[in-house]
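Chemist: Coordinates for the following, if possible.
(chains A, B, C and D)
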There are 2 protein chains.
Amino acid sequence: MRDVARLAGVSVATVSTVINGKNGVSARLTRRVQQAVQALNYHPDHVARSLRVRQTHTIGMVMPQIASPFFAEVLRGAEDLAAQQGYSVLICNSRGDEGQEKSHLSTLISRRVDGILLASEDPHFAHHWFAPRRVPLVLFDRIPGGFKGTVVTTNNTLASYEATRHLISLGHQRIGVIAGPPDISTSDERLEGFRKAMSEASLLVREEYFKRGNYKLEGGYQCALELTKLALPPTALFSFNYEMTLGVMRALSEAGIGCPKQVSVLGFDDFVAGLDGFSWATMFSPKLTTVAQSSYELGRRAMQILLGKISPGDGEEDESEDGIVRLPAELRVRESTAPPPP
Amino acid sequence: MRDVARLAGVSVATVSTVINGKNGVSARLTRRVQQAVQALNYHPDHVARSLRVRQTHTIGMVMPQIASPFFAEVLRGAEDLAAQQGYSVLICNSRGDEGQEKSHLSTLISRRVDGILLASEDPHFAHHWFAPRRVPLVLFDRIPGGFKGTVVTTNNTLASYEATRHLISLGHQRIGVIAGPPDISTSDERLEGFRKAMSEASLLVREEYFKRGNYKLEGGYQCALELTKLALPPTALFSFNYEMTLGVMRALSEAGIGCPKQVSVLGFDDFVAGLDGFSWATMFSPKLTTVAQSSYELGRRAMQILLGKISPGDGEEDESEDGIVRLPAELRVRESTAPPPP
DNA sequence: CAGCAGTTTTGAAAGATTTCAGAATGCTTG
DNA sequence: CAAGCATTCTGAAATCTTTCAAAACTGCTG
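Modeler: Have a look, this model is predicted:
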C-alpha cells in the first residue's frame, strides 16, 4: 500500500479512502491511485484490515457431517447467501465428535469470525462455555437441551406427524420406528410427532417395534433386520434419517422382502444434493416416499439470521428475535408406501 | 494479552512465548501466565498473529459444485487432513461461473490464504493472471489447457479405457457416449480412453452415437433420449459423470426401455457421499455399473501436496514436484451392464 | 488581499501479536 | 568476591490497515 501511495504520489491515507470507495477525494487523485493499484497488482491486505476494523467478514460453520447430502445442501444454502453479502465461510467438520466440535469452536473464536453457524452434536450444549465470548451464534438442525438462543430447524414434529398419518391412512397399524440417538432433538421431535399420530388413531406403539439407530446406514440396516425378524413384524417402517433409510432398503433387499408389497418404507430426508432439485428418491426401485426437508433454505435462513445479528438494521430486522425458527417439510408420497398386505 | 501480562505480572513478550509453547521461560512464570490466561478466558488473536507472522494457516478451496457428491467427498478429504495439520479451509462455490471463480480467487488472495485448492472451470486457466501472486496452488480434478503446475486428478483415460473394454468384452459394438463439455479435461480424457479402446477393438465410433451433455442431469437426460430414438440405437450407453448418469436412467425409465436387457448403462462416478464407503449405486434397480473415482483420497492428496509446498521439509517431500498426479479409479461391475440383446 | 468556509489531503496513532537485541538475574569458577 | 557465562525476561519495533484531527489548499466575499 505504501508502494501504491508512493507511485501515485499521495499518502497512504488517501489510498485507503480510494480503495474503500469513500468520497472526499478528487477525481484526479482517484484515477492516479487506481492506476497505481493496477500497475502494482495490489490486493489490499484483508488481515491487516480485519485487525484494524475488528471484523473479519468471515463466518464459521461447524457440522457433524460435511458430505452428507442434507448437510451439504445446508452448506450450499449458507454459502450462497454469505458470498452474496461479501462474507466467506470457514468450514469445520466435527465428525460427530464433541471434542472436535469444541476445539473447532475454539479456533473459530481465535480467528475472530464475525459469527458462527453450528449444528451441535452436544445435547447439553455448553451455553455457559460459549456465552462469555460475544460471538453471534445461530444453531441449525439440532436444538440442544436448554439452549436459549436462535436456532433454525425443520418442523420435525409436524412433519413426522403427517408422515405417520399417511401410513395410518393407508391402513397400517403395526408401524416400526427406527429413531435416532436419544437427546438429539431432531430424533426426539420426530418421535413425538409419531407418537401423537399413533395415539390420535388409538394405536399403541409396541416396545418391540421401537428401535434406535445411530443415524448411520449401519444402524438402519441392523434395526430393519431385527424388526423384520420379529414373529409378528411391522407392516411399515419409518426411518428417521436419510442414511438409515438406505440401510433399511438394503436390509429388505438382502432379506428378499418386497417393498411396498410386504412392507412399506417411509424415510426422512429427500435425496437432492447437487441436482437442481431433482430427487434421487425417484431413482430407487421402488421410488421412495420421503419427508423432504428444505435443506438449502434451512442453510440460507440460518445465515440470513446470523448476518442480521451481525449488522442489525440491514434489513431482516424481524428475524433477529431469539427463538426457534421452524421450516416446513414436505411429504413426498411415492411408491414405497402402500396399504399393508391383507 | 496486555491484560494477561499485567495479571501475571510479566511482559507481553513473555506471555507470547508461553502461549506459543516455546521454551526459555521458567516453570514458575509459565504457570502464572497460564493461570492468568484461564482467569481471563483469553483466546489469542489469530488475526493479529497472522498479520505479524505473515501466514494465516488457512487454505482456500474453490470448486464448481459444492454439494455434488463427488466434490463434497473431495472437500471432506481435504478438510480432514487440513484440520489434522492445524489448517482451516475457506470454502468457495464458483457455481461453474468463470467470473465468480475469479472473484473468489481474488478475495482469497486478499485474505492472504497460505494456499489454494482449485477445480478450475476455466479451460484456459489464466495462469498469467494468477502467476504474479506467489500463492501456492494445487489444482484438482480438471487440468486447464497449458497449465504447468501441480494438479491431482483421476487417471481418466485409463479408467475410461477399461470401462469401455468391459462393454466391448460383453459383446457391445454400438456404444453411445454421453461426454461432458469440450475442453474440460476430465471429459476429453475420458473420451480419449474410450476412443482408444474402440479403435483397438477395430470398432468405429459413429458420429450419431456421440453426444455432449453439460455434466448436469438435464444433459444426460436429453442425450439419452436422442440416442434411444435413433433408427439403430446403441446397445450400451457410457455416461461421463454422475449427474448425467442419473439423467440417463430417468430417460430410460420414462421411455420404458429395459436396462440392462435392452440397453446397458455404465456411468462415471460412484455414489458414496457420507456413507462410510457404502455405495448408492447398489440401491438402484438395476444396480449401476460405475467407474468409482477415489474422491476422498483425491481431496486428501491434493491437500497433502499443497501443505507440502507451504512448509517444505515437513515430510511428503517427494510429492512436491510439479506435475500431474493421477489417482487410479476402479471399475465396479454391477447389474446395469450385460451382453447386448441378440 | 485578508478572511472565511468548504473541500482535499496528510501525519500519526492504534489495533494484537511476534521477534530480537539487549538488560537483568542467577550461578559457577578462579 | 569479581568476572564470566547461561538463562530468563523485557522494551520496542514491525506487520498493514483505518481513522481522525489537523494542515493545506481552493475559491469567494467584502
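
Chemist: Could you list which residues are in contact with the residue lying closest to residue A:93 once chain neighbours are set aside?
Modeler: Counting by C-beta to C-beta, 6 or more residues apart in numbering or on different chains, the nearest residue to residue A:93 once its immediate chain neighbours are dropped is residue A:66, at 4.2 Å. No exception for glycine: its C-beta is placed from N, CA and C like everyone else's. With contacts taken as C-beta atoms under 8 Å, 6 or more residues apart in numbering or on different chains, residue A:66 has the following neighbours: A:72, A:75, A:91, A:93, B:72, B:75, B:76, B:79, B:274.

Chemist: Could you list every helix and strand in contact with the strand or helix carrying the third one?
Modeler: Under the assignment given by DSSP states H and E, the secondary-structure element containing residue A:91 is strand A:88-93. Applying 3 or more C-beta pairs under 8 Å, 6 or more residues apart in numbering or on different chains; DSSP states H and E, we find strand A:88-93 packed against strand A:58-63, helix A:69-84, helix A:98-110, helix B:69-84, strand B:88-93.

Chemist: mind running it again at 10 Å?
Modeler: The helices and strands touching strand A:88-93, judged by 3 or more C-beta pairs under 10 Å, 6 or more residues apart in numbering or on different chains; DSSP states H and E, are strand A:58-63, helix A:69-84, helix A:98-110, strand A:115-118, strand B:58-63, helix B:69-84, strand B:88-93, helix B:98-110.

Chemist: Between helix A:69-84 and the first one, find me the angle.
Modeler: What that stands for is strand A:58-63. Per axes from the mean of the first three to the mean of the last three C-alpha atoms, to 10 degrees, the angle that strand A:58-63 makes with helix A:69-84 is 180 degrees.

Chemist: ok, residue A:210 to residue A:241 distance?
Modeler: Per C-beta to C-beta, to the nearest Å, residue A:210 is found 16 Å from residue A:241.

Chemist: Look at the two and report which has more neighbours.
Modeler: When residue A:210 and residue A:241 are compared for neighbours, residue A:241 comes out ahead with 28 against 17, by other C-beta atoms under 10 Å in any protein chain shown.

Chemist: ok, that one touching residue A:213?
Modeler: Yes. Taking contact to mean C-beta atoms under 10 Å, the distance of 8.2 Å between residue A:241 and residue A:213 places them in contact.

Chemist: what residues are shared contacts of those two?
Modeler: With C-beta atoms under 10 Å, 6 or more residues apart in numbering or on different chains applied, the overlap between the contact sets of residue A:241 and residue A:213 consists of A:178, A:179, A:180, A:187, A:219, A:220.

Chemist: Inside helices: which ones of these?
Modeler: By the criterion of DSSP state H, membership of the shared contacts of residue A:241 and residue A:213 in helices covers A:187, A:219, A:220.

Chemist: Need the max-distance pair from the contacts of residue A:66.
Modeler: Spatially, the most separated pair among those is A:91 and B:274, at 14.5 Å (C-beta to C-beta).

Chemist: Between those two, tell me which one has more neighbours.
Modeler: Neighbours were counted for residue A:91 and for residue B:274 using other C-beta under 10 Å; residue A:91 has more, 26 against 22.

Chemist: got the contact list for that one?
Modeler: A:59-63, A:66, A:75, A:78-79, A:104, B:61, B:66, B:75-76, B:78-79, B:82-83, B:88-91.

Chemist: gap between it and residue B:63?
Modeler: Distance, residue A:91 to residue B:63, by C-beta to C-beta: 12 Å.

Chemist: what is in contact with these two at once?
Modeler: Common neighbours of residue A:91 and residue B:63, counting by C-beta under 10 Å, 6+ apart, are B:75, B:78, B:91.

Chemist: Surely the first one and residue B:141 touch.
Modeler: No. The pair residue B:75 and residue B:141 fails to qualify as a contact (C-beta under 10 Å) at a distance of 11.6 Å.

Chemist: any idea whether residue A:143 is helix, strand or coil?
Modeler: Three states are possible here, and by DSSP: H, G, I helix; E, B strand; the rest coil the one that applies to residue A:143 is coil.

Chemist: Dihedrals phi and psi, residue A:15?
Modeler: Backbone dihedrals for residue A:15, given as degrees, to the nearest 10, come out at phi -60, psi -50.

Chemist: Show the contacting residues for it.
Modeler: Residues in contact with residue A:15, defined by C-beta under 10 Å, 6+ apart, are A:1-8, A:25, A:29, A:33-34, A:36-37, A:42, A:44.

Chemist: How about the residues of the stretch 101-250 of chain A by DNA strand C?
Modeler: Among all residues of the stretch 101-250 of chain A, none is adjacent to DNA strand C (criterion: C-beta under 7 Å from any atom of the strand).
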